[in-house]
Every structure is written in structure tokens, then in C-alpha cells.
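Engineer: structure, please.
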Amino acid sequence: MLSTVSRFPESDRRGAITLSCFAVVWAAAGASALPDPFGWIVLADAVAVAGIIGLRAQRAPRTSSGPPPAAMRRFAVVNVAQAAAIALAVGVLGALGAGAAIPGVVAGVVALHFVPLAEAFGQPLYRRLAAGLGVVATAGLVLAALADAWALGAVGCGAAALLLAAAYQLADSPYRALTPHPR
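Structural biologist: Below is the predicted model:
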């Protein structure tokens, strides 16, 4: 199994909760493109899984006070840059009439934002999450070019699934940090 134990287990706990919340947002976006009742099923499942992950993360043992101030400054800068890039992309693509490409581009920006966060928080899982979201983003752009009706559903559901999987691993990370593993 690939390691998900970071230098800052407390930030893993917080990250699990944050990723779960954003997974629900992506699931809602993806579900909106699916026919009934499938959209509702996807959304209900995402909310249930996110809730379970959130409870697991909340109950995780507190192992540290969290990451150092430098990591939190990088987190702030990266997220402000991400928000600006998303706003710019949505504005430009919307003005160009290329709305179907928005989910793929947004997923690509989100993927890229995890690269510097992996280093800031010492969390290798964020690199793998970035790669997975990059694949989802690429698929979304291809679908937008071929059959734009599928792009939002595929990107939303794909991103939600990846974020929930990563959130689960992060929620479990503080427990693994305290448990010796046989080699």
C-alpha cells in the first residue's frame, strides 16, 4: 500500500473533512447532468460517504497542532491562485461559448493546485490525487469536444469519487501514524 502518512497528521484530518465537502460539490455538479433518479442516487451516496468520512476524521486521535505557519501561508497563496484561475477560466470560456469545457478546465486547475500542497503538507497522496484529477480533466475536455452533454457528469462524478477516496485515506492516516506496521 502506498503511504498516506504525512509529516502533519492533524492536517490530514482537516484535509479529509475539506476534501469530503468538495467531493459533495463535485458530486452535485455531476449529478445535475445525470437523468433522474441516477443523479439523486449519486448525490445521496456522496453525501452519505462524506458524512462517514467526516465522522471518522473528527474522531481521529489528535497527534499534533498542525502544520507550521509556512505551510499554511503556501496553502493560502495556492488557494487564492486557484480561485483566481478558476474565475478567469469560467469567464473566458463562458464568453467564448465553450461552457462544456468549463468542468474539465476547472478539474485541471484543481489538479494542479494539489502539486504544491503535497510538498507544503508532506502528503504524497496529494500528488496521486493531482494525477487522477488530471486524467478526469483530460477526459472532460475530450468529452466536451465530442459530446458536451457528458462532460459535466463525467468530470463531476469522477472528481467526486477521487476526492472521496483521498479523503478516506486521509481520515485513516492519523490512526495509521499511531499504529506500528509489520514489515
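Engineer: longest helix anywhere in the chain?
Structural biologist: Ranked by number of residues, the top helix in the chain under DSSP state H is helix 148-178.
Engineer: who does it touch, helix- and strand-wise?
Structural biologist: Applying 3 or more CB pairs under 8 Å, 6 or more residues apart in numbering; DSSP states H and E, one finds that helix 148-178 contacts helix 9-32, helix 38-58, helix 102-121, helix 125-146. C-betas here are computed from N, CA, C, even on glycine.
Engineer: tell me which of the ones you listed lies nearest to residue 169.
Structural biologist: helix 125-146 (5.8 Å; CB to CB).
Engineer: which strands and helices sit next to that closest one?
Structural biologist: helix 102-121, helix 148-178.
Engineer: same list (those helices) but as TSV, adding mean neighbour count and distance to residue 16.
Structural biologist: Formatted as TSV, the helices and strands packed on helix 125-146 follow (neighbours: other CB atoms under 10 Å; distance: least, CB to CB, whole Å):
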stretch	mean neighbour count	distance to residue 16
helix 102-121	21	12
helix 148-178	22	4
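Engineer: distance from the chain centre to the longest helix of the chain, please.
Structural biologist: Here the centre of helix 148-178 is set off from its chain's centre by 6 Å, with CA atoms, centre = their mean, to the nearest Å.
Engineer: same check on stretch 53-63?
Structural biologist: For stretch 53-63, the distance to the chain centre is 18 Å (CA atoms, centre = their mean).
Engineer: could you do stretch 67-81 as well?
Structural biologist: Distance of stretch 67-81 from its chain centroid, counting by CA atoms, centre = their mean, is 17 Å.
Engineer: can you give me the buried ones in it?
Structural biologist: Neighbour counts over stretch 67-81 (16 or more other CB atoms under 10 Å) mark 67, 71, 74-75, 78 as buried.
Engineer: export these to CSV and append columns for secondary structure and pLDDT.
Structural biologist: Shown next, in CSV, are the buried residues of stretch 67-81 (DSSP: H, G, I helix; E, B strand; the rest coil; pLDDT from 0 to 100):
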residue, secondary structure, pLDDT
67, coil, 84
71, helix, 91
74, helix, 96
75, helix, 95
78, helix, 98
